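Colleague: Have a look at this prediction, sequence included:
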Amino acid sequence: MKESRALFGPWLAGLLSTLVFTRATGAEFRNVSRLIDRGGLPHRVHVFEDYETEIEKRWWLRGVPETNNLAPSLSDSIANRRACRATATKDFDDKMGDPKKDFKAVIFNPVPGPPMGANTRLSFRYWLQGIDTLRVQIYTLSKGYHRWLTLTNLPQGSWQSATVDMTQARRPDGSGGALAEDERIDDIQFYIAPDAELLIDDIVLYDAAPAGEGERPREPFPNRILFTGWFDTGKQGAEWPGDFEIAPHQPPLTWKAAKYVANPKTNEAWIRVNLRGQRPLSAVNRLHFRYRVAGTGDIRLTLADSRTGREWRNVVSSAARGRWAEATVDFDASERNAFADELRFAVANGTELFVDDLLLFEPAGEHTTRIESDKLRLIIADNEAFGAHHRAGYNGVAELLLAKPGAKNLFVSTVAGLNFEHIFSGDAESFGWNIFEPRRAPMRLARRSSTSVELRQDRTEHWPLRSCLTYEVEGDAIDFTYCGMPLADAWKKHGYIGIFFASYIQQPKDMSLEFIGRARSGRGDTNAHWIKHLPPRHGVTANHRPAGSAWDPPLDEGFNIPLVSGISDFEYLYPFYFGRSGENMFVMMFERPRGGGELRFAQSPSGGGTGNPAWDFVYFQRGYEVNREFCFRARAVFCEFKDAEEIIRLFEQWSGEKVVRPSMGNSEAKSKTE
């Protein structure tokens, strides 16, 4: 009964607000519209407003900035800092609206009144309270009147995403017909009843790409938009500042484009588009644009911050000649708090250049991405399956190849390396949970630069651990960083957080691992020597702790991750190991843990299937604190095997630690020529 009463109050308040809203307009429900999918990359973005800068603040006609109740950021690298809260207003429709009625609204004026395409869509995020109905209204400059549509039965009390087909909007009496191609629009308006609450964010008015459109890359809708540039309306130097002319398109095209002028310093043909203010950059900033070139040479592009002199460059090579074409380039801005206020396009002297439909945006996260160096080629994957063979759940390095003809993937193609596999506590209460939760929970892949990728996981089903895995390639090395933050204490019984990473090696002739170590006290040779070890079967003598550690993790009876519980008689002296695959070697090196951390080697002769060993590692974090981040770093090297001395040199160079050379003993970590 108490629950029913608790639900009845908000329901009644929403109903009353909806009735007030309906009476205020007299006909709100006659043009009810349904939400649609926003689709992929738009054909053109007419206007956007995310309220993150104040560049267009003079056109915020109704609403005030909101900085507390915010939606999660759509960006992989920029926080969401502001939205817009509806404020009191009258109806802007002075022809068919009732100017005496009160409303609340968010109203944004897109200057300089863009012409629409054939498939006008409006995407936005909203938060409603006290009403489940929203009127979306738009003013047409070409016709001199308003059209609107109504959304009903909307969720309350939480941020939601919405996209509507604005060609379904009509005048209040149903007249006027659909919003048509080339029709210019003005104010974008969101109305609610005066006693309700509304927040709006991330407004995007765009022309949806027709299905099967020719040259446009098939990619998702952008995470965030930084700038859109088209030159059909408005004046050069006012609405479109910079160095260029605005020229009409040649038939059969219509409207206008930006035309080159001479660079006063170099006399080259260029177009400099001012972005009308400082735009905060994402880690990856993609520019899609249309161009027409008459002449020779490449199109040289620069994204720049004129305030600081910082520049990011790219080139369109082999540009199409004598016709309109499309191009896409990326600008990687790894710096934090980077901004830009200019886009520059340059071609050789004597070459003509026109550009149109500029869209600078942060691309949506993908499930895989390629990064490379001069020596390595990698594919980084999240937990989604991809291609013909790669299985779901195998996040990490899906492919690792040397950058040479005929190179083969070091890892088993169906799975991965540096794969985030387990989170554990040793507590019997968790034994009924799936041990592979990190493989099952969603991940977000974020490309940081052409050589760096992050995988993020908010938590898993039962483990409140926020994780960020960074992979960065340089030369023949992959720098790997893991950072975790416990959001609640699910590990208190034994006082440690355990995390496990696996690398499944494709059919090496020798499946063993080698490292410099010794036997534990009373279990064999305690002098430093090279140890070559292959467990007899999965989970037996599989786990090697660091020398000097007197701690083994408490594990309740029935613990079900054998590569953690199968502790060996060995301990390592230096935090690196290697294994061989044909003529090549795979080396894992680790930063010595601090602040309660402990790193252990782990291995299995059959972790990736028969003949496919697992060369793994485990990290334990003791002394953790809720909402406090802990991290560790590692480096993987994949290159041609030389000898043991080369492996030691790589570790010393990376870690700054001096290694005392042991005798080779029975190890095979010798030169391949010996």
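Modeller: Thanks, I have the structure now. Not measured: the values here are computed from a predicted model.
Colleague: how about Leu378, what does it touch?
Modeller: Contact analysis of Leu378 by Cβ atoms under 8 Å, 6 or more residues apart in numbering lists 370-372, 397, 399-401, 471, 473, 478. Heads up, the C-betas are built off the backbone N, CA and C, glycines and all.
Colleague: Inside strands: which ones of those?
Modeller: Counting by DSSP state E, these place 370-372, 397, 399-401, 471, 473, 478 in strands.
Colleague: Show me the two of the residues you listed that sit farthest apart.
Modeller: Greatest spatial distance among those (Cβ to Cβ): Leu401 and Tyr471, at 14.7 Å.
Colleague: After the helix or strand that Glu571 is a member of, which helix or strand is next? Please name it.
Modeller: If you go by DSSP states H and E, Glu571 is part of strand 567-572. As assigned by DSSP H and E, the chain's next helix or strand after strand 567-572 is strand 576-581.
Colleague: Direction included, what does whatever helix or strand comes next after that following strand pair against?
Modeller: Using DSSP H and E, the helix or strand that follows strand 576-581 in sequence is strand 584-590. Strand 584-590 has the following strand partners under DSSP bridges: strand 576-581 (antiparallel), strand 630-640 (antiparallel).
Colleague: secondary structure class for Val564?
Modeller: For Val564, the assignment made with DSSP: H, G, I helix; E, B strand; the rest coil gives helix.
Colleague: about what we covered before: in the ones in strands among the contacts of Leu378, which residue is surrounded by the most others?
Modeller: Counting neighbours by other Cβ atoms under 10 Å, Val397 comes out on top of those with 27 neighbours.
Colleague: That residue touches Ala416, doesn't it?
Modeller: Yes. Counting by Cβ atoms under 8 Å, Ala416 is a contact partner of Val397 at 5.8 Å.
Colleague: what about the strands in the stretch 451-600 of the chain?
Modeller: For the stretch 451-600 of the chain, the strands defined by DSSP state E, counting those that start in this stretch cover 452-457, 465-474, 477-486, 496-502, 513-519, 529-533, 543-546, 567-572, 576-581, 584-590, 597-604.
Colleague: As CSV, the ones in strands among the contacts of Leu378 with distance to Ile497 would be great.
Modeller: Shown next, in CSV, are these (distance: Cβ to Cβ, whole Å):
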residue, distance to Ile497
Arg370, 32
Ile371, 29
Glu372, 33
Val397, 23
Glu399, 30
Leu400, 28
Leu401, 33
Tyr471, 21
Val473, 28
Ile478, 24
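Colleague: Go through those and say which is closest to Asn543.
Modeller: The shortest approach to Asn543 among the ones in strands among the contacts of Leu378 belongs to Val397, at 22.3 Å (Cβ to Cβ).
Colleague: Skipping adjacent residues, who's closest to the closest one in space?
Modeller: Nearest residue to Val397 in three dimensions, chain neighbours excluded: Gly417, at 4.4 Å (Cβ to Cβ, 6 or more residues apart in numbering).
Colleague: does Leu650 belong to a helix or a strand, and which?
Modeller: In this structure, Leu650 is located in helix 644-655 according to DSSP H and E.
Colleague: can you list contacts of that helix?
Modeller: By Cβ under 8 Å, 6+ apart, the residues outside helix 644-655 that reach it are 477, 530, 574-576, 578, 585, 587, 589, 591-592, 635, 637, 657-659, 661, 664, 667, 669-670.
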